[in-house]
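Q: Dropping the sequence and predicted coords here.
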Amino acid sequence: MFGRNRAAAAAQAPGEALRLEDVRKVYGAEGNRVVALDGVSLSLPAGSFTAVMGPSGSGKSTLLQCAAGLDRPTAGRVFVDGAELSGGGEAALTRFRRQRIGFVFQQFNLLPTLDVLQNAVLPLKLAGRRVDRSRARAVLERVGLGDRLHHLPAELSGGQQQRVAIARALITRPRVVFADEPTGALDTRSARDVLELLRESVREYGQTVVMVTHDPVAASFAGSVLYLADGRIVGHQAAPTAEAVAERMTRLADEVERQRATAGV
Amino acid sequence: MLGLALRSLRKRASAFAASFLAMLLGATMVMGFASMLDTAEGSGATGAARETLTTMATVVGGWGLLLVVFAVASTLTLSVRQRAAEMALLKSAGATPGQLARMIVGEAAGLALVAALAAIAPAIAAGRALLGLLHDTGQVPAEVGYHFGPAALSIGIGVTLVSAVAAALIAARRAVRGRAAESMAAAAADDARLSKKRIVFAALFLLAAASEAIVTVTVMDGSSDAMATSGQADIFAGIGLALLAPAIVRRAAALAAGPLRALGGAAGDLAAATMRRRTGALASAVTPVVLFVGTAVGTLYLQATENAAMDAAGLAKTPEDKSIETLNFVVIGMVVLFTAIMLVNTLIAATAHRGREFGQTRLAGATPRQVLTAVALESAVLTVTGVVLGTVASVFTIVPFGLARRDSAVPDGDVRTYAAVVALAAVLTGLTAFGATRRTIRVPAVEAALR
């Protein structure tokens, strides 16, 4: 592929799906700057399910947007499946994303004018790729929407809409699926269904998933948790349980509070 | 609720820009023509001059009025429909349908009052220009001076207010119907169905157009007065067809879907699927194209046929004929300007409203170019639909008049006139949609989608 950086591909660890090298993101003009990401480096293996947690304002959404090619970092490098996210306009960025990345958002972001099946195959169509309808049907069947292919999003519940969004993210077989608070707008039961689906896509199909969340229960579905505070990675936890995550988050909030107080912010 | 209406007006000035402009332009037109009554009264004009001035004020002003009511109703309906989610939110927060209706009507009345007052200065200028034209063509003696007074003010402000409130009532009725949860869901999909009332009004307008056409051919046969009856037929037919636009647009979208999918690639596919669900908004955009093409083509060929008839009879034009010709062009200029502004505003408002949709499409993998292509294809379908309907409307004027004056259904005049009108409609639609979309997609996709 043209966009692939050969040197980086050579340096890449085998089976690495996502790598960030010293990524910084600074908002605002001189004198009024906000550092959202302060030198984040990480490497996620293919087939991993990672939750990114942190208090609000810790930079977790910025991290996701920079890693997913929705925003450009101020400094540092981002590799998705060995290909570097580099310069180029909005169109180049779009092509980079649609070849490698799937998205699931809190607000579903389904097009209201398209029905379930049309929404699910839209990324394939836009990328000019062959639309395998039977596979699309199978994936929608798998997320439990086989009988609602021609419903409009407005005719579905929140949980159903989110499952369409997950199907849409999976149908393109992306290298990485990024999920931004995917259960934020759902009731407990629908949230559990959605999280099970994400976990299953990792276990059964070797999908790589990165999920930003503030919910310890959601994070407990992931294989590991990264903790973010003030734009830096401050911890890592494997095989998390909801209790352990909740406890860690409470401590983290206290710590940040203390640090901010001593820094005189 | 009035407080809420005022706050909503202040905070969302841009959402009301289309309605405001339609009202301002309408008030200017109505007031400018109505000032001919003041001029007749104030200058003590008598005889033919007085009659000319009064005719000017009533006939031409009445023509404009029809357009104003229609334009204000269509822009207001659009702006209310765009705020369907906000209305649903207010409903779920405990607003009764009556309160919502009062809010919408209050907004419209406030807007109309400001527009009417702001229209006074341009109306005086327009009135002066109109009188100047009448002086130049010798229809009104030069000693008749311009006056602006109670007739212009009361008719201008009254007509603007009444048409705005009437339009708001129509828009409000639609918005406040249904339960809160339903309207939340309905806000997502927008496929306007034809109400019975709409069909009845459409039939009435088309009947009016048909009856004028028949009167032209039968009663007015051979006389130059045929112009008086056939001149309005195109606008009646245009409004009738525009009222049916939601149903027609749905057919057109279905017809266009095949070619779009086959030739337009992914963008064509997207355009075809989107248009099927956005017939309400598309119909609002088709309306000005229909009126624009219908009246422009109708009147221009009407005049060409009249000129040819005069030439054939070997008659030289009297000053009165000349002034009628000038008047025809004034009316055309007015209508063209009015519908053009209506078209541009409708498209800009409708496109700005699609920011979130464009953001979502881009997150699903569309490049900015694909979004622009999809919109361009939609505008092409819209233009073709509008031009076809407009041409049909103009036939109501051209053919009967041709039969009455020249015993020929084929109009005189240059085919290039038609091409120019169509090109203008296409350029206006295309450029506006393109510009508005490009501005909308300049916002980063995530921001637009998560707004």
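A: That came in fine, so what should we check first? Numbers count the residues shown, from 1 in each chain, chains lettered A, B, ... in the order given.
Q: I'd say B:Met308 and B:Asp414 touch.
A: Quick fix: residue B:308 is Ala, not Met. No - at 11.2 Å, B:Ala308 and B:Asp414 do not qualify as touching, with contact defined as CB atoms under 8 Å. For the C-beta atoms, the positions are set from N, CA and C on the backbone; glycine is no exception.
Q: ok, the two, which is more surrounded?
A: Comparing B:Ala308 with B:Asp414 by neighbour count (other CB atoms under 10 Å in any protein chain shown), the higher total belongs to B:Ala308, at 17 against 11.
Q: can you tell me the helix or strand for that one?
A: Using DSSP states H and E, B:Ala308 maps to helix B:279-313.
Q: Give the rounded mean pLDDT of that helix.
A: Averaging pLDDT along helix B:279-313 yields 87.
Q: what helices or strands is it leaning on?
A: helix B:61-82, helix B:226-230, helix B:233-243, helix B:245-263, helix B:319-352, helix B:368-406, helix B:415-440 (3 or more CB pairs under 8 Å, 6 or more residues apart in numbering or on different chains; DSSP states H and E).
Q: Next, the angle helix B:368-406 makes with the fifth one.
A: Helix B:319-352 and helix B:368-406 are oriented at 160 degrees to each other (axes from the mean of the first three to the mean of the last three CA atoms, to 10 degrees).
Q: Could you do the third one as well?
A: Helix B:233-243 and helix B:368-406 are oriented at 140 degrees to each other (the same axes, to 10 degrees).
Q: can you pull the pLDDT of B:Gly138?
A: pLDDT, read off for B:Gly138, is 77.
Q: Dump the helices and strands packed on helix B:279-313 to a markdown table, plus mean pLDDT, mean neighbour count and distance to chain A.
A: As requested, the helices and strands packed on helix B:279-313 are exported to a markdown table (pLDDT from 0 to 100; neighbours: other CB atoms under 10 Å in any protein chain shown; distance: least, CB to the nearest CB, whole Å):
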| stretch | mean pLDDT | mean neighbour count | distance to chain A |
| --- | --- | --- | --- |
| helix B:61-82 | 72 | 23 | 14 |
| helix B:226-230 | 76 | 23 | 42 |
| helix B:233-243 | 91 | 27 | 23 |
| helix B:245-263 | 90 | 18 | 10 |
| helix B:319-352 | 76 | 19 | 13 |
| helix B:368-406 | 92 | 23 | 5 |
| helix B:415-440 | 92 | 17 | 12 |
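Q: Export these to JSON lines and append columns for distance to B:His147.
A: Below are the helices and strands packed on helix B:279-313 laid out as JSON lines (distance: least, CB to CB, whole Å):
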{"stretch": "helix B:61-82", "distance to B:His147": "16"}
{"stretch": "helix B:226-230", "distance to B:His147": "27"}
{"stretch": "helix B:233-243", "distance to B:His147": "29"}
{"stretch": "helix B:245-263", "distance to B:His147": "41"}
{"stretch": "helix B:319-352", "distance to B:His147": "20"}
{"stretch": "helix B:368-406", "distance to B:His147": "34"}
{"stretch": "helix B:415-440", "distance to B:His147": "36"}
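Q: Quickly list what the most centrally placed residue in chain A is bridged to.
A: Nearest residue to the geometric centre of chain A (CA atoms, centre = their mean): A:Phe178, 1.7 Å. Taking DSSP bridges, one obtains A:Phe103, A:Val210 as the residues bridged to A:Phe178.
Q: Quick check: it touching A:Val104?
A: Yes - proximity of A:Phe178 to A:Val104 meets the contact threshold set by CB under 8 Å, at 7.3 Å.
Q: Tell me if A:Val139 really is in a strand.
A: No - per DSSP: H, G, I helix; E, B strand; the rest coil, A:Val139 lies outside any strand segment and is helix.
Q: Now do the same contact list for the spatially closest residue to it that is not a sequence neighbour.
A: Computed as CB to CB, 6 or more residues apart in numbering or on different chains, the closest residue to A:Val139 that is not its neighbour in sequence is A:Ala167, at 4.8 Å. Residues near A:Ala167 by CB atoms under 8 Å, 6 or more residues apart in numbering or on different chains: A:120, A:136, A:139-140, A:142-143, A:145.
Q: tell me which of these is nearest to A:Gly89?
A: Nearest to A:Gly89 among these is A:Ala120, at 27.7 Å by CB to CB.
Q: Check what pLDDT the closest one gets.
A: 92.
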